[in-house]
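**Q** Okay, here's the prediction I keep looking at, along with the sequence it came from:
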Amino acid sequence: MTLPTPFPLVDVQGSPYERGRQHGAAVPERVARSVALYCGQLERRGVAADRLKELAAAMVPVVGDYDAAYLEELRGIADGSGQALEDVVVINCRTEMMFGHAELGRARKGLDDGCTGLIVLPEAAAGGKLMHAHNWDWREECVDTGIVLRMRREDGPDLLMFTEAGSLARHGFNSAGVSLSGNFLSCEHDYQRPAEVPLVLVRRKMLEATNICNAMKVLWASRRFCSNNLMLAQAQGESVDLECSPDEIFWITPEDGLLVHANHWISPPARAKLFDKGLAANPDSIYRQRRVQDMLARAAGSIDWDTVKRILADDFAAPDGVLRSPKPASFDSISATVATTLMEPASGVMWIARKPYEGRNFAEYRLF
C-alpha cells in the first residue's frame, strides 16, 4: 500500500488580512472542500442554504467584537480562496451560530469530534523535553481539508498549527513554547446559552499567549456554548487539562509527569456535578483513556516518540480504538482518525501522520 501523502504546509506573514489572503490563496481547493463539508452537513440536518448564510452573517459582528484582527483574517481567507465571507465563517463558527434557532436540535448532532490526547512532562520523557500528542477523530473527508499553518507574526509569538483549511486554529504551539490540543466533551448544560465567542477563536487566542498563565486567562474570560476539553502545556515543563462545561472549568494536573484525556469527564467534581451525555455515543472513551494511561505509565522515564506512536496506533476493539479506522457515523458521514499529531514545542517541531489508519507516515514541520 502506498503511504498517505502529508498535509500541505502553508506559510503566512504580514497583516491579519494579508495572512488570511495568503492562507486562502495557497489552498483554495481545500478551503472549498471545508465549505462544502460543513455547509453540506448542516443542510443535511435541515438548515436550508439561505438560512445558513443568514445565520453565518449574524456571526460576523460577533467575531469582529471579539477581535477585529480575526475578522480581517477571515476576510483575507475568503478573498484569497474565492469563497464568500459567510461560508468561511461557517467553517469557524458552525456550532455557535446555531444558538436559539429551531434547527439546533438536529444540526448539532454529529458536529462534535472525538480525539485522544496526551502530554508527557520532561521528567517522564526519555529525551528530557515535553511531549504533546493527539489523535484527531473526525470526518474522514478532513484528510483532504487539513493543513499545517506556519504564521510569522509581528504582534506576538509565531505559530505552527494543524487546522482545517479556512479555519483560524485547531491545535499546535507557538514560539514561546505554549501548546494546545482539544477533545470533545458533552453535558446536559450544552447549547442552552449563547457564547460570547466561538471556540475556534478562543483556541487561537490561547495559542497566541506568551505563557500558560495567559492562555488560561483567555479561557476563563470566555463564556462557552457547549462543553469541550483543552490540553494545555508549556515547553519548560508544565501542563494542565481543562474540562470546560458552559458554566464551569474543572482542572486536572499531571501525575508522575503524565496527562491523558479522551472524551469523557474525569475530574471528580465534574463527574459529581454533570451528566456525561457523550458516553452514550462514545463509550470507547473509557477504555481509550485507561489503555493510553496504562501504556504510558509502564514506559515512564523512557518514553520516546516511538513509544507515543505505538500507543496512539493502538487498535484494540477496532474500529473503536485509540486509532479509529473508518466507520459509519451520523448523516452519511464516515468517522476516522484524520491525523496523529506529535508536538515538541521546545524544539519547534511537529510531526503529523495523515490517514494513520492506512500507514503512519509522519511528515516533519518546523517553526524554527
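**A** Okay, I see it. Numbers count the residues shown, from 1 in each chain.

**Q** Give the ranges of residues in the stretch 51-200 of the chain that sit below the confidence cut-off.
**A** Counting by pLDDT under 70, the stretch 51-200 of the chain contains low-confidence residues at 99-113.

**Q** was I right about residue 324 contacting residue 115?
**A** No - in this structure, residue 324 sits apart from residue 115 without contact. The criterion is C-beta atoms under 8 Å, and the distance is 9.6 Å. The C-beta positions use only the backbone N, C-alpha and C, and glycine is treated the same way.

**Q** Mutual contacts of the two, please.
**A** When contacts are counted by C-beta atoms under 8 Å, 6 or more residues apart in numbering, residue 324 and residue 115 have 135, 137 as shared neighbours.

**Q** can you give me the helices in the stretch 201-350 of the chain?
**A** Listed in chain order, the helices found in the stretch 201-350 of the chain under DSSP state H, counting those that start in this stretch are 212-220, 268-273, 284-299, 305-312.

**Q** closest one to residue 55 among those?
**A** Each of the helices of the stretch 201-350 of the chain has some distance to residue 55 by C-beta to C-beta; the shortest is helix 212-220, at 25.2 Å.

**Q** which other helices and strands contact that closest one?
**A** Applying 3 or more C-beta pairs under 8 Å, 6 or more residues apart in numbering; DSSP states H and E, one finds that helix 212-220 makes contact with strand 178-184, helix 199-207, strand 228-234, strand 238-244.

**Q** Measure how buried residue 158 is and give me the count.
**A** Neighbour count of residue 158, defined by other C-beta atoms under 10 Å: 18.

**Q** Next up, phi/psi of it, please.
**A** Residue 158 adopts backbone torsions of phi -70, psi 160, taken as degrees, to the nearest 10.

**Q** Would you check that it makes contact with residue 174?
**A** Yes - at 6.4 Å, residue 158 counts as touching residue 174 under the criterion of C-beta under 8 Å.

**Q** Spit out the residues that contact these two alike.
**A** Between them, residue 158 and residue 174 have residue 367 as joint contacts when contacts are counted by C-beta under 8 Å, 6+ apart.

**Q** circling back to that earlier point, which one of the helices and strands packed on helix 212-220 is the most hemmed in?
**A** Between the helices and strands packed on helix 212-220, strand 178-184 has the highest mean count of neighbours, a mean of 27, where neighbours are mean count of other C-beta atoms under 10 Å.

**Q** is it true that residue 287 touches residue 295?
**A** No - using C-beta under 8 Å, residue 287 is not in contact with residue 295, being 11.9 Å away.
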